[in-house]
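Peer 1: Here's my sequence, what's the structure:
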Amino acid sequence: MAKKLSLLPLLLATFIFLALSTYTISGLSFIFHLQYFSLIIWLFILALSATLLFSIQQFRAKGMNKTFQIASHAFLIVFVAEVVFSILLLLGDIYRLILSLASIFQSNGFVWSPRNPYWVYFAFFMLIVSVALFAYGIIKGKYAYRVVKHILYFDDLPLNFDGFTITQISDVHAGSFTDAKAVQKGIDMIKAQKSDLFVFTGDLVNNKASEIVPYLNHFSQIKSPFGQFSILGNHDYGDYTTWPSEKAKADNLQQLKNYHKDLGFRLLLDEHIEIIKGTDKMILAGIENWGIGFGERGDLNKALLGTSTNDFKILLSHDPSHWEAQVKNNTNKIQLSLAGHTHGMQFGIEAFGIKWSPVKLRYKHWAGIKTENGRYLNINRGFGFLGFSGRIGIWPEITVIELRKQQA
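Peer 2: Here you go, the predicted model:
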């Protein structure tokens, strides 16, 4: 049975949204001098809010549904547009207040300065831009795959692995996909890299193993000369949905492990394998999910059991907080760790020398390459999406890493 919604947070959120809407409509009415304009906007906002509340109840009782997806994303677009418009409008009104207070010293009383029409039109323009960005992110951005390439140099890389390439994807979240043709384009891009090794760093599904079934024929197309390897992410264990019994949950996890095998992925569960090239070898280890606040299941020591400090090692570990906590200073040196998990929050900016996303509040390093203590970490931005059915500025990623021998 679904839990009842907590009344106090709901009332607070409603008050904030209504206050924001009231302020936004005051600014829009300054631009559009139409009869019943405010009434029409209010009817739209109230209808959208009622639809969202109804769909939330349905979601909590029966799970994901189309009404909830449409209503939640429409609400998100409206909310963000109102925030953008209101912030700019407020800056203009603060300036108006300063001018009005200054008028006290120039006349016999307080004179409220009118709004600057050019500033209000600019705020409205930015509202339109924010709506367009979110619409693009929902319609196209979530499948706008990018290939991100890195060349990493190591002084202890075995000579035969000089030039060795690895393709990494993470966070497929197959249950969120709605366009098989778009997904296939991403698969084709992976195949086109022709890398020596393919790795997947967790979160194949949102909650249930069955989510990957429609895409088994897509991801099973991925092949590489040295194999395809995978690990589990926090969502793969089924912790975020309700099960009729513990056995049903365990059966789901076992079925998901079977699907990894059907995909041609060798699932690494706190273990390692040796990759041999010529007379040289390197270690590929993978652990179960270990993340601060997301379940600390993985056993790194078990995964590295039998390895030497002189071995060149690559670790697959879904959550980058594991690298910070156990890997970067480990006495058994792991030269390269590959993670995912953050998605770059599917929203942010990476352009003009700026790299920012709200996820930075949780993870100081949330995407791309980081190096510390002579070791590398790469955080993939994710192949799929979750929650917000879109991506804005943080595009779905296919990572290609080339290992190079550092010349003396």
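Peer 1: Please make it C-alpha for all contacts and neighbour counts, starting now.
Peer 2: OK.
Peer 1: And the lowest-mean-pLDDT helix or strand in the chain, what's buried?
Peer 2: Lowest mean confidence among the helices and strands of the chain (mean pLDDT, DSSP states H and E): helix 37-62, at a mean of 82. Of all the residues in helix 37-62, those buried under the rule 16 or more other CA atoms under 10 Å are S38, W42, I45, L48, S49, T51, L52, S55, I56, Q57, Q58, F59.
Peer 1: cool, stretch 213-224 as well?
Peer 2: Y215, L216, H218, F219, S220, I222, K223, S224.
Peer 1: Contacts for it next, please.
Peer 2: Residues from elsewhere that reach stretch 213-224 (CA atoms under 8 Å, 6 or more residues apart in numbering): 174, 180, 183-184, 187, 190-191, 194-198, 228, 259, 262-264.
Peer 1: Can you verify my assumption that K149 contacts E397?
Peer 2: No. Assessed by CA atoms under 8 Å, K149 is found out of contact with E397, at 10.1 Å.
Peer 1: Which one of those two is surrounded by more residues?
Peer 2: Shown here are K149 and E397; by other CA atoms under 10 Å, E397 has more neighbours (23 against 15).
Peer 1: Would you confirm that F164 contacts V400?
Peer 2: No. Assessed by CA under 8 Å, F164 is found out of contact with V400, at 10.4 Å.
Peer 1: Touching both of these two, which residues are there?
Peer 2: With CA under 8 Å, 6+ apart, F164 and V400 have common neighbours S195.
Peer 1: Going along the chain, name the helices of this structure.
Peer 2: 7-31, 37-62, 66-102, 117-139, 180-192, 216-219, 246-263, 300-304, 321-322 (DSSP state H).
Peer 1: Need the ones you listed in CSV (columns: distance to N289).
Peer 2: Conversion of the helices of the chain to CSV gives the following (distance: least, CA to CA, whole Å):
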stretch, distance to N289
helix 7-31, 32
helix 37-62, 26
helix 66-102, 28
helix 117-139, 29
helix 180-192, 24
helix 216-219, 21
helix 246-263, 13
helix 300-304, 10
helix 321-322, 9
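Peer 1: looking at those helices, which is closest to Q407?
Peer 2: helix 300-304 (27.9 Å; CA to CA).
Peer 1: how many neighbours does F294 have?
Peer 2: Around F294 there are 14 residues (other CA under 10 Å).
Peer 1: number of nearby residues for the closest residue to it other than its chain neighbours?
Peer 2: Using CA to CA, 6 or more residues apart in numbering and skipping the chain neighbours, the partner closest in space to F294 is N234 (6.3 Å). By other CA under 10 Å, 26 other residues sit near N234.
Peer 1: got it, and the one 3 residues further on?
Peer 2: When neighbours are counted by other CA under 10 Å, Y237 registers 23.
Peer 1: which non-adjacent residue is nearest it?
Peer 2: L253 (5.9 Å).
Peer 1: what comes up buried for stretch 90-108?
Peer 2: Neighbour count says stretch 90-108 has G92, D93, R96, L97, L99, S100, L101, S103 buried, by 16+ other CA under 10 Å.
Peer 1: and the residue sitting nearest the centre point of the chain, what does it touch?
Peer 2: Of all residues in the chain, the one closest to the mean position by CA atoms, centre = their mean is H343, 2.2 Å from it. With contact set as CA under 8 Å, 6+ apart, H343 has these partners: D171, N380, R381, G382, F385, I394.
Peer 1: follow-up on the earlier one: which elements pack onto the least confident helix or strand of the chain?
Peer 2: helix 7-31, helix 66-102 (3 or more CA pairs under 8 Å, 6 or more residues apart in numbering; DSSP states H and E).
Peer 1: now those in CSV, with distance to T331?
Peer 2: What follows is the helices and strands packed on helix 37-62, written out as CSV (distance: least, CA to CA, whole Å):
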stretch, distance to T331
helix 7-31, 47
helix 66-102, 46
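Peer 1: quick one on the thing from earlier: pretty sure the residue nearest to F294 sits against N289.
Peer 2: Yes. Assessed by CA under 8 Å, N234 is found in contact with N289 at 5.8 Å.
Peer 1: So for those two, which residues contact both of them?
Peer 2: With CA under 8 Å, 6+ apart as the test, N234 and N289 both reach G295, H318.
Peer 1: Name whatever forms a beta bridge with R146.
Peer 2: On the basis of DSSP bridges, R146 is bridged to E397.
Peer 1: Distance of it relative to K223?
Peer 2: Going from R146 to K223 by CA to CA, to the nearest Å gives 19 Å.
Peer 1: again, but for F37
Peer 2: Distance from F37 to K223, by CA to CA: 58 Å.
Peer 1: again with F352
Peer 2: 36 Å.
Peer 1: Brilliant, that's me finished.
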